[in-house]
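[1] Here is the input, now give the coordinates:
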Amino acid sequence: MKAILKKPYWTYGQGESADFCFKIYRSGLKFQQDGHSRASGNLQKQRENSDKIGIKKSSQLKTVFQLKSPFGRFDFSMNLVGEYNVYNAVSALACALLTGFKPEECQKALACFPGVPGRLEKLETDKDFDVFIDYAHTPEALSSALKVLKQNFKRVILACGCGGDRDKEKRPLMAEKAVNLSDHVFWTTDNPRYEDPEQIAKEALKGLNKLSKITVELDREQAIKKAIRFAREGDCVLIAGKGHEQFQIVKDKKQPFCDKAVALNFLKRV
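    This next block holds a predicted model:
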């Protein structure tokens, strides 16, 4: 152990030369049925089979990967998806192993980790579609979240917007990712600050060709509700931009607002 720790730095990644090298075995949607879980194969077929035998369905996103390390090879599972989440997990596992935690302890801890609030957070609902909250407010982050969901659901319904007094050049890039990687977009406000929300929307959506896929609803609460109403069986709704935040910034005031609370309250009533 002491000899291992003498190394001045450590690397991690998917390349074989990395000290902590990971390989993803499976990442995506699972269904939990009557207390049991099974990996998804054909998504549509799995849903149809569940319908036939009258099983209540709840979806779960899960990743299984192997980690090759100076301490040996170990398999891990976690209730998160996306390559970026595996990178984050592997960096944490490397730190834990190097500071003396046993591999078995790390396996149990990661398997039980529920995720970070507001980071592709799945809301608990009894609907036949799923709703996620995510902090993504850059083109890259939004693209990553949408790609993960696109692989696992029939359709992705998105509610998002762009902040005011910030990075105007990213607005059309955000809108482009939103339209190209989702099936319908409810464009709304996201901390407009001193800018006019309508002007922010115009700058973001200017030049887009797929306007039929966009509904502009500048009232964020109404946009979330409309996105949820739009969803059908097998779909998912992604509410992006705020994540864990509990406010909406209008001018210099932080007005109480929570995407998660709005969505959960509405889901109880529809």
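
[2] Would you check that residue 63 makes contact with residue 29?
    No - if you go by CB atoms under 8 Å, residue 63 and residue 29 don't touch, sitting 10.9 Å apart. C-beta: built from backbone N, CA, C; applies to glycine.

[3] which residues does residue 27 contact?
    62, 63, 64, 65, 81, 82, 83, 86 (CB atoms under 8 Å, 6 or more residues apart in numbering).

[4] Dig out what it forms beta bridges with.
    residue 63 (DSSP bridges).

[5] All further residue positions should be reported with the first residue as 842.
    Happy to do that; since the first residue is 842 now, the last one works out to residue 868.

[6] pLDDT on the helix or strand residue 1066 falls within, on average?
    Using DSSP states H and E, residue 1066 sits in helix 1061-1071. The pLDDT scores in helix 1061-1071 average 98.

[7] Return the list of helices and strands in contact with the next helix-or-strand element following it.
    For helix 1061-1071, the succeeding helix or strand toward the C-terminus, using DSSP H and E, is strand 1077-1081. Contact here means 3 or more CB pairs under 8 Å, 6 or more residues apart in numbering; DSSP states H and E; on that basis strand 1077-1081 packs against strand 971-975, helix 980-991, strand 997-1003, helix 1061-1071, helix 1100-1110.

[8] quick one: strands adjacent to strand 1077-1081?
    Short version: by DSSP bridges, strand 1077-1081 pairs with strand 971-975 (parallel), strand 997-1003 (parallel).

[9] Would you mind finding the most buried of the ones you listed?
    strand 997-1003 (a mean of 28; mean count of other CB atoms under 10 Å).

[10] need the next SSE after it, C-terminal direction.
    helix 1012-1022.

[11] buried sites along that following helix?
    1012, 1013, 1014, 1015, 1016, 1017, 1018, 1019, 1020, 1022 (16 or more other CB atoms under 10 Å).

[12] what separates the closest residue to the first one other than its chain neighbours from residue 929, distance-wise?
    The shortest distance from residue 1012 to any residue that is not its chain neighbour, by CB to CB, 6 or more residues apart in numbering, is 4.0 Å, and that residue is residue 1045. Counting by CB to CB, to the nearest Å, the gap between residue 1045 and residue 929 amounts to 29 Å.
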